[in-house]
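# the following block contains a protein sequence and its predicted model.
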Amino acid sequence: MADNKNNSVAYVAETMLPELPPPARETGVVKWLRENLFSNATNSVLTIVSIIVIYMIAQNTLPWIMNGVWQAPSLAACREVLEGQSGACFAVLTERWNQLIYGFKYPVDAYWRPNLAFVLLLVAIAPVLFFDLPRKMLIFTALYPFIAFWLIWGGTILGPLVALLGFAAGGYVFQTFGKGSFAVGFFGGIVAAFVVWGIGGGLIPEGASENAMLTAVPSRDLGGFMLNLMLGVTCVSLSVPLGIALALGRQSDMPLIKWICVIFIEFVRGVPLITLLFVASVMLAYFFPPESTVDLFLRVVIMITMFSAAYIAEVIRGGLAALPKGQYEAADSLGLDYPQAMRLIILPQALKISIPGIVNVAVGLFKDTTLVSVISMFDLVGMIRGPILASTEWNGVYWELLGFAALLFFVVCYGISQYSQWLERRLATDHR
Amino acid sequence: MSTLTDPPNTGFRLSMLINDTRYRSLTFQVIAAIALALSIWYLGNNLIQNLRAAGLNISYSFLGDPSGYDINQRLVEYDSQSSHMRAAIVGVLNTLLVAFLACITATIFGVIAGVLRLSNNWLVSKLMAVYVEIFRNIPVLIWIIIIFTIMTAVMPGPRAFRGDNATSSMLFDLFAFTNRGVYIPMPWFEHGLFASAGMNWLVVIAGLIGSWFATRRIGIWATAKQEETGVRPKTLLMVLGVWLVPFVLLMLIMGLTWEVPALKGFNFKGGIKIGGPLIALWFALSIYTGAFIAENVRAGIQAISKGQTEAAAALGLRQGRIMNLVILPQALRVIIPPLISQYLNITKNSSLAIAVGYADITATLGGITLNQTGRAIECVLLLMLFYLTASLAISMVMNIYNASVKLKER
């Protein structure tokens, strides 16, 4: 046997063969294509169909966008420039930019005010969104609503100042008395705030707004995308605390409080937002004192806030229910009372679980702000369907305007949902 | 050793109302009750004063008055002499119609997109991701307006179909897509069993329900046979027969004919006209909600662990049966609760009809009737009552279904 082997030595390679490259179909682009696009017959058909669909969409839209006319006074002028070619008339965006963003009645020389308010909004919202920023910035966040109100509506600065003082007084009372008993501090704070508002409101002289540093702008002059943003930001920030209160109320042991919250939440979730906006526009006025005039913006804010608070309450209720019972019992065994247990143990965890849901509600709410165009407020959609498409110059420029509106909303909503996913990863303390 | 002792009986002090847990909840509830009563009294008082000042009262008698407006899209008889009540009923039926249609198509879109998003074809899954993201992040109102614009501004007018060198033509000579709506052929019975068309259709529906029950009987029989002998009898032909034979017979007896729309004068006549607003609303709602349902479906399928697929494959099941028998029944439990809320959303979002002039309940009762009669409070209350009832009914039905598919545990 051994001899045999020795004899056949001539047939054994003495050196390693050079390494061959892998087959072409198993490497690089080809392999990726074979695995991901053409792995079997069905997949190949699907791929080809998708490519055809993409090609058809691109073929129709790309030349239209590329040929776009950016400077022209009217649609007719646009068509002259295009000379029968397919092309968009983006000139409507440049020409009516101010109307799209600010509405058509906001004073032109005051455009810097909402602009400044928007920049400050980014500063104010930053410490809420990103925890790494210095906590001192939250002071500015607390001041921001009053600054923004003053900037956008103008008029006397005394109004927002009194409002701020009221909150400050309430906060001070809560800080002093809240340590002993939460309830005393809480109700005391509310009473203090109302006392300050009552006295301060009486002290503001009649007609203080007339010669103020910033000219007063009535709410009905607000419009455009600014109105969407304002409604969105205001209602989301108001409805989160209200939603927390409703969710806690629904979990409460006190039957009366529980049933008030349940009925409120289920009622609001059962009706469409439009009917609530109808309430705001035609019905709510009947429920205010006869001589008072509460403006439409405030009425709409009240209704949208109620609407989204009900949805946020349900999201937070889910978060509360998801916490293990041990957390509640642990808080009790440490001797914490209800407000302490909620503030220190339950809510931080429950809110963390609820963040994706809350962001979903916020995105939905921001999209729903377009519905105010139905009750003839001139938000972005209202501006497009009303003054701009009805004008003689731009009658018939549908796709550019609607595309622009869609793009603006897409950018904001997609941005928010990306932030929420980032935040979820940041806050994930388990499964690491 | 710890013994439970009663708290020292020192008598009742006022501070105990806040500091003692035995009385505290009572205190808070009394405060809440007083606050509630006060606010109701305040709002009610304002309402009474305002109504008195405006010379109004709360009364629903306006519902019996003639409405004085026309509705194009209607399922029941209605003209401008009919009452406001009748207009509201037309609106209710239109709301239910568009909600029903949109729920079905949204589910179809959503399931297809959700399954395709999990496809191992890179291009297809990315395309579906783009679809979902685009439609979820743009307001549904904008989608409704966009599709409505396509229906009115892009579609050709009936005039384009006329003449020898017509610029548009009917699809298969059966369907006409015009800017006044889509015309489709209408089936009707030449010599029906009953005088009214509705009764004839009821007969057809009864026949189909009968076939469905027969199919179930066949399934039960086949299962019994399989348990007995181990071989499942082939039932395909029987099922086909049970469905087709009665249906075809019924159609032959009643003389089914199709009325094809045709251009007469300035407009199409005959056939069923589906108005542009209905199509815009229907399509926009289904494609928008479909994107949300796609995400629910994807989450539901991904929630089923891979071991289930592998176990089914190890049992020798084919790809299709793995999906039908193992994955989907389990995924359904995850998918159905969010699906319920999507159906509710469709019903509620159908109120956006008012933006494109589709005569749903919001547009008739909450729009024209409200503006004509000035009965804001009554109209809005009725409107809310309808939506509340509809929402509760849908969630009740879907909850019953949910209970029937959910995991039966001890």
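Looks like it came in fine.
# how about the residues of the stretch 201-350 of chain A near chain B?
Within reach of chain B by CB under 8 Å from any CB of the partner chain, the stretch 201-350 of chain A has these residues: A:253-257, A:260, A:267, A:269-275, A:278-279, A:282-283, A:285-290. Bear in mind the C-beta positions are built from the backbone N, C-alpha and C, glycine included.
# buried ones among those residues?
A:254, A:256-257, A:260, A:269-275, A:278-279, A:282-283, A:285-288 (16 or more other CB atoms under 10 Å in any protein chain shown).
# quick one on the thing from earlier: so of the residues of the stretch 201-350 of chain A next to chain B, which ones are in helices?
Of these, the ones assigned to helices by DSSP state H are A:P255, A:L256, A:I257, A:I260, A:F267, A:R269, A:G270, A:L273, A:I274, A:T275, A:F278.
# with pLDDT as added columns, please give these in a markdown table.
Formatted as a markdown table, those follow (pLDDT from 0 to 100):
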| residue | pLDDT |
| --- | --- |
| A:P255 | 87 |
| A:L256 | 88 |
| A:I257 | 88 |
| A:I260 | 90 |
| A:F267 | 90 |
| A:R269 | 89 |
| A:G270 | 89 |
| A:L273 | 91 |
| A:I274 | 90 |
| A:T275 | 90 |
| A:F278 | 88 |
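# of those, closest to B:T152?
Comparing those against B:T152 with CB to CB places A:I274 closest, at 21.8 Å.
# dump the residue contacts of that closest one.
With contact set as CB atoms under 8 Å, 6 or more residues apart in numbering or on different chains, A:I274 has these partners: A:L371, A:V374, B:S351, B:L352, B:I354, B:T362, B:G366.
# 7 Å - rerun?
By CB atoms under 7 Å, 6 or more residues apart in numbering or on different chains, A:I274 lies in contact with A:L371, A:V374, B:S351, B:L352, B:I354, B:T362.
# can you tell me how far the third one is from B:V203?
From B:S351 over to B:V203 the distance is 35 Å, taken as CB to CB, to the nearest Å.
# same question, the last one
Between B:T362 and B:V203 the computed distance is 35 Å (CB to CB).
# show me which of these two is the more surrounded one.
A count of neighbours by other CB atoms under 10 Å in any protein chain shown puts B:T362 above the other of B:T362 and B:V203, at 28 against 16.
# where exactly do the helices run in the stretch 201-350 of chain A?
All helices of the stretch 201-350 of chain A, identified by DSSP state H, counting those that start in this stretch, fall at A:224-251, A:255-270, A:273-278, A:296-322, A:325-333, A:338-341, A:347-368.
# can you say which of these is packed in most?
Comparing the helices of the stretch 201-350 of chain A by mean neighbour count (mean count of other CB atoms under 10 Å in any protein chain shown), helix A:273-278 ranks first with a mean of 25.
# with just CA atoms, put that helix into PDB.
Output in PDB follows, covering the C-alpha atoms of helix A:273-278 (Å, rounded to 0.1, in the frame of the first residue of the first chain):
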ATOM      1  CA  LEU A 273     -62.200  66.800  15.000                       C
ATOM      2  CA  ILE A 274     -64.400  68.700  12.400                       C
ATOM      3  CA  THR A 275     -67.400  68.600  14.700                       C
ATOM      4  CA  LEU A 276     -65.300  70.000  17.500                       C
ATOM      5  CA  LEU A 277     -64.200  72.700  15.200                       C
ATOM      6  CA  PHE A 278     -67.800  73.400  14.400                       C
END
